[in-house]
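In: Give me the fold of what follows.
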Amino acid sequence: MLLALNKRAVIFIVFFVSFLNLFAQNSQLLIKVKNGVTGEALDRAQITVYGLSDLFFTDTLGELVISNPPIGFLDFLVEKSGFQLEVKNHIPIIPNKALEQEVLLQPLGNKIDWLQISTKSSFENNPNNPVSAYSFNREEININPGAQGDIFRAISMLPGVSSSGGVYSAISVRGQGVRDNVYMVDDIPLTEVGHLEGNSFFNDPNGGRFSIFAPRVVDRADFQAGGFGSQYGRRSASYLGLYLKEGNRKNFITDGQFDLLGINVNIDGPIKSLKNTTIFLSMRYQNFIGLVNVIGLKDIGLPRYADFILKTTTQLSNQWKLSSLVIVAPERYTRDINHVKADKNLNLVYMPDFKRNKMVVGVNLKKQIKPGFNFTQVIYHNLYTSDITVGKAYPRTDSLGKRINNDFSFNPNIQEQVYSESKTGYRTFIQRNFSKKTGMVLGIESEYIQLKNNRIQHVNDTQYIYYRGQNFPGQNYLILLPEYVNIESNKQAWNHSAYINFNTHLFQRLTLNFGLRYDYLGFNKQGLIAPRVNGKYEINTSNSLGFAWGKYNQDPVLSEIVDQKESNSLNFEESEQFILSYNFRWKSLRFSLEGWNKDFSELVYKPQQGYPLVLNGERGYGRGIDVYLSKKLSEKWGGQISYSRMLSQRIMSDDTEYPFAFSQPHQFNFLLNYKFSSQLFFSVKYRYATGKPSDEFITHSNVFNDV
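Out: The predicted model follows:
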């Protein structure tokens, strides 16, 4: 009987596998290879598909069709004489689906028209970005171990970048805060990019714990850790440009993930009723109630959030391309008295109820007027709302701080705040080549901002932890009074920017970019000019030297602007940067050595913690060196290793120095990827960092002086 069952099982398995193989016979991979400069098709490009013994070549149209490729994840290498090789990793091959992959090969070094490269080449190799430039594709983001498909956690492996030990998704760069970065999504500026920021009414230096972009949503990420050109502005630490996935032009593909936290579904494909139009839709919902119960961390509270991303792309003609983007990202975090009671050590008696929502709507219209002459227009609307109520529990404890019983008194509504931030903007810029040796980028930006803030503290509150210099004689605690916390504010203003970047190529090897940017801050009617220059000298096709110098003017955080009384207006924070780098490239290998220096002035600081008042006036500096070695994943393995040494200090008005919130004197990162087969992939990473600032606490035994 058992033998008969085994035979039946074997027959069933054989039949089932045969059925899957038959089902997969209709799968297809179409590879299109083009010149990354001119866009023309490249014939006779050699394609090596890892796991297959045959070599493939593109036809006269630059295309290759592979029928019935192995089901799973595919890697392939594209090579052509006179061009840089390109590796595509982790391409999903789905049964009965046709997948299209476009590959842009960049011409080698000095054999090409530099001006065409300046507008079309990959971000890392663009002469406009001679320092601190890195680029990630969707597959590299997805296979980064521990990142869970989160672009910010993937970027945290780069030199000089911190994500607060991996707990938080948001990044800080070279000692500066998470609010100091320029974020662009499909050329639309963003401020709020994370979920579940710190549980305080004031800006948490750690940023959000999770990105608003679900796994496999970001198709490409361009990152520059400093020294970026005049076209990127109003922030000073780094530039991160995200480009979301476009819909597949062949057929609909759906993928998803279901786990203990929730569900994530991605759908993309063509819209047949609209000519030359594709759609990409991502939906995610995460609820931590199951996880906190399973691992016994009920005391942390209950977070949940959702993300809805919709992108459409229409090729109107050979010259015109239109894309639209909608992002809706609500979240909620609650911690009630039951969560406080679950905290056996009474580490936190805080009781928040946070309801927040982020929304982005944007339209991007691009036109290539002719080769070397591109025109882009962007219209967008960003809305951020926050409705917060905060309370506290008052457990009874003995003299050692241990709870006496489980009978807590509490106040669920000590303070509440309703805040909204609305931005409606327009951006337009052109890229124009005048000759084979000169070119220009010219752009203007305008943004109308509306801020509303209504905060009410219902009772006096007491804070027992405060910073140096804030204690009053004989008083070892801080009383937060409603008259200093309450505010009802409504502010509006126009911000404007204009920039120009002039490019020139000298002596066949030297690239120089001269930039000038003007920023106007409408809330205090302040305008500042920021000159910038960078360059690259190509020693040969593999070795180059780069440098960048510039001034950067950074807006105050909008929530801090609306928090101030009318008599207190905040100015730009100002910085000056200098970077010098050496780069080596050979095939899939890259090595860089980079030194940097920053000087800061007019930094915003909080004279008294616990109160909303902030002022300009602190200074600071940062300096460091980054070493980076990477190998793109090809054949079987790839990875990266980096080391950073940095010092970032703020200087108070009395010349006392203290570290920036994210200063890390030593950072070491190691990442290794190894591919066993098309369906078995191994990744490991290790990160070590030192020197996060810490405080020495003075514990007073008699806080109330026997009152």
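In: Tell me where the stretch 1-150 of the chain has helices.
Out: 2-23, 114-120, 138-142 (DSSP state H, counting those that start in this stretch).
In: Report the mean per-residue pLDDT for the second one.
Out: Model confidence over helix 114-120, given as mean pLDDT, is 43.
In: same check, this time on the longest one
Out: Here helix 2-23 scores 44 as its mean pLDDT.
In: Helices of the stretch 351-500 of the chain, residue ranges please.
Out: Using DSSP H, counting those that start in this stretch, helices in the stretch 351-500 of the chain cover 482-485.
In: Quick one: low-confidence residue ranges for it.
Out: Within the stretch 351-500 of the chain, the stretches with pLDDT under 70 are 401, 466-472.
In: please redo it, this time with the cut-off set to 90
Out: Applying pLDDT under 90 to the stretch 351-500 of the chain flags the ranges 368-374, 394-409, 431-439, 461-481, 483-485.
In: Same question for the stretch 101-250 of the chain.
Out: In the stretch 101-250 of the chain, residues with pLDDT under 90: 101-133, 135-157, 160-172, 175-179, 191-211, 214-216, 219-220, 233, 246-250.
In: just the stretch 501-650 of the chain next, same as before
Out: 505-509, 540-542, 565-569, 585-589, 606-613, 631-639.
In: Show me the strands in it, by range?
Out: Using DSSP state E, counting those that start in this stretch, the strands of the stretch 501-650 of the chain run over 510-521, 526-538, 543-554, 573-586, 589-605, 615-634, 637-651.
In: ok now the first one, how far from the chain's centre?
Out: This points to strand 510-521. Remark: strand 510-521 is offset 24 Å from the chain centroid, using CA atoms, centre = their mean, to the nearest Å.
In: CA-only coordinates of it, as PDB, when you get a sec.
Out: Coordinates of each C-alpha in strand 510-521 appear next as PDB, following Å, rounded to 0.1, in the frame of the first residue of the first chain:
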ATOM      1  CA  LEU A 510      40.000  68.200 -18.200                       C
ATOM      2  CA  THR A 511      36.300  68.800 -17.300                       C
ATOM      3  CA  LEU A 512      35.200  72.000 -15.500                       C
ATOM      4  CA  ASN A 513      31.700  72.800 -14.300                       C
ATOM      5  CA  PHE A 514      31.000  76.300 -13.000                       C
ATOM      6  CA  GLY A 515      27.700  76.800 -11.200                       C
ATOM      7  CA  LEU A 516      25.800  79.700  -9.600                       C
ATOM      8  CA  ARG A 517      22.600  79.300  -7.600                       C
ATOM      9  CA  TYR A 518      20.200  81.900  -6.100                       C
ATOM     10  CA  ASP A 519      17.800  81.000  -3.400                       C
ATOM     11  CA  TYR A 520      15.100  83.200  -1.900                       C
ATOM     12  CA  LEU A 521      13.400  82.400   1.400                       C
END
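In: buried residues in that strand?
Out: Using 16 or more other CB atoms under 10 Å as the test for burial, strand 510-521 gives 511-515, 517-519, 521. Yep, even glycine has a C-beta here, placed from its N, CA and C like the rest.
In: How about the last one?
Out: Within strand 637-651, the residues that qualify as buried by neighbour count (16+ other CB under 10 Å) are 638-646, 648-651.
In: Name the nearest residue to Leu91, ignoring sequence neighbours.
Out: Just so we're on the same page, residue 91 is Ile rather than Leu. Distance criterion CB to CB, 6 or more residues apart in numbering; nearest residue to Ile91, sequence neighbours excluded, is Leu74 at 4.6 Å.
In: can you count the residues close to that neighbour?
Out: By the criterion of other CB atoms under 10 Å, Leu74 has 22 neighbours.
In: now the closest residue to Trp549 other than its chain neighbours: how far from Asp599?
Out: Setting aside the residues directly before and after it, Trp549 is nearest to Phe578 in space (CB to CB, 6+ apart), at 4.9 Å. Using CB to CB, to the nearest Å, Phe578 is found at 9 Å from Asp599.
In: Could you do Ala493 as well?
Out: Distance of Ala493 to Asp599, given as CB to CB: 28 Å.
In: which residue is nearest the centroid of the protein?
Out: Phe152 (4.5 Å; CA atoms, centre = their mean).
In: Just checking: what are the partner strands of the helix or strand hosting Thr278?
Out: Assigned by DSSP states H and E, Thr278 belongs to strand 277-287. Strand 277-287 pairs in its sheet with strand 262-270 (antiparallel), strand 302-315 (antiparallel), by DSSP bridges.
In: contacting residues for the residue lying closest to Ala147 once chain neighbours are set aside?
Out: Distance criterion CB to CB, 6+ apart; nearest residue to Ala147, sequence neighbours excluded, is Arg153 at 3.9 Å. Residues near Arg153 by CB atoms under 8 Å, 6 or more residues apart in numbering: 144, 146-147, 163, 166, 169, 211.
In: Name the SS class of Arg153, please.
Out: helix (DSSP: H, G, I helix; E, B strand; the rest coil).
In: Likewise for Val340?
Out: Val340 - assigned by three-state DSSP - is helix.
In: Start the count at 4 instead of 1 going forward.
Out: Got it, the first residue is 4 from now on, which makes the last one we talked about Val343.
In: residues near it, how many?
Out: Neighbourhood size, Val343 [other CB under 10 Å]: 23.
In: close enough to count as contact, it and Ala396?
Out: Yes. Contact criterion CB atoms under 8 Å: Val343 and Ala396 qualify, at 4.4 Å.
In: Now list whatever residues contact both of these two.
Out: Joint contacts of Val343 and Ala396 (CB under 8 Å, 6+ apart) are 352, 354, 411, 413.
In: follow-up on the earlier one: in TSV, list the strands of the stretch 504-653 of the chain along with distance to Phe283.
Out: Written out in TSV, the entries for the strands of the stretch 504-653 of the chain read as follows (distance: least, CB to CB, whole Å):
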stretch	distance to Phe283
strand 513-524	33
strand 529-541	34
strand 546-557	33
strand 576-589	32
strand 592-608	30
strand 618-637	25
strand 640-654	27
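In: Looking at those, which is nearest to Ile34?
Out: strand 618-637 (16.0 Å; CB to CB).
In: Note down every partner strand of the closest one and its orientation.
Out: strand 592-608 (antiparallel), strand 640-654 (antiparallel).
In: what separates the first one from the chain centre, distance-wise?
Out: Taking CA atoms, centre = their mean, one finds strand 592-608 lying 18 Å from the centre of the chain it belongs to.
In: give me the beta-bridge partners of the nearest residue to Lys440 once chain neighbours are set aside?
Out: Once flanking residues are discounted, Lys440 sits nearest to His508: 4.8 Å by CB to CB, 6+ apart. Counting by DSSP bridges, His508 is bridged to Thr514.
In: His508 - how many residues pack around it?
Out: Residues near His508, counting by other CB under 10 Å: 22.
In: any idea how far it lies from Phe437?
Out: His508 is 12 Å from Phe437, by CB to CB.
In: same question, Gln478
Out: Applying CB to CB to Gln478 and Phe437 gives a distance of 68 Å.
In: would you say Val185 is within a helix?
Out: No. Looking at Val185 with three-state DSSP, it is strand, so not inside a helix.
In: sorry, back to before: among the strands paired with strand 618-637, which is nearest Thr427?
Out: Among the strands paired with strand 618-637, the nearest to Thr427 by CB to CB is strand 592-608 (25.1 Å).
In: Enumerate the positions of the closest one that are buried.
Out: Buried-residue list, strand 592-608, by 16+ other CB under 10 Å: 593-595, 597, 599, 601, 603-607.
In: what do you get for stretch 356-372?
Out: Neighbour-count burial for stretch 356-372 flags 356-357, 359-371 (criterion: 16+ other CB under 10 Å).
In: Which ones among these lie within strands?
Out: 356-357, 359-371 (DSSP state E).
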